[in-house]
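[1] below are the sequence and a predicted model for it; my questions follow.
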Amino acid sequence: MKTVTTLLNYVMIFVSLNKGAKANSKQLMKEALDIGVALHQVAKTKQVDQKTKDALAKEVKEFNAAVNKFLDDLVIPD
């Protein structure tokens, strides 16, 4: 769980340093938080069934799409 928290902290720092992406950064943060919430629920119940795996996989896919969109729209100034 500590690794997930560290990852989320890095995502928040990255997004705050790259505010030029605007709306995409909000979507990226939302998806990162969704993964954190889903993992917290798994850790809380200490049970992983197929429904939980599918839900977590869906969240990871949505996060991946948000990261790709964010990186595509990122502009590095000259």
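    Yep, that arrived. Note that the structure is a prediction, hence the values are computed from the model and not measured.
[2] C-alpha only now, for contacts and for neighbours.
    Fine.
[3] where do the strands sit along this structure?
    For the chain, strands defined by DSSP state E do not occur.
[4] buried sites along stretch 57-76?
    By 16 or more other CA atoms under 10 Å, the buried positions in stretch 57-76 come out as Glu59, Val60, Glu62, Phe63, Ala66, Val67, Lys69, Phe70, Leu74.
[5] next: stretch 27-45.
    Within stretch 27-45, the residues scored as buried using 16+ other CA under 10 Å are Gln27, Leu28, Met29, Glu31, Ala32, Leu33, Asp34, Ile35, Gly36, Ala38, Val42.
[6] enumerate every residue touching the first one.
    Under the criterion of CA atoms under 8 Å, 6 or more residues apart in numbering, the neighbours of Gln27 are Ala66.
[7] setting aside sequence neighbours, what's the nearest residue to Glu62?
    Glu31 (6.6 Å; CA to CA, 6 or more residues apart in numbering).
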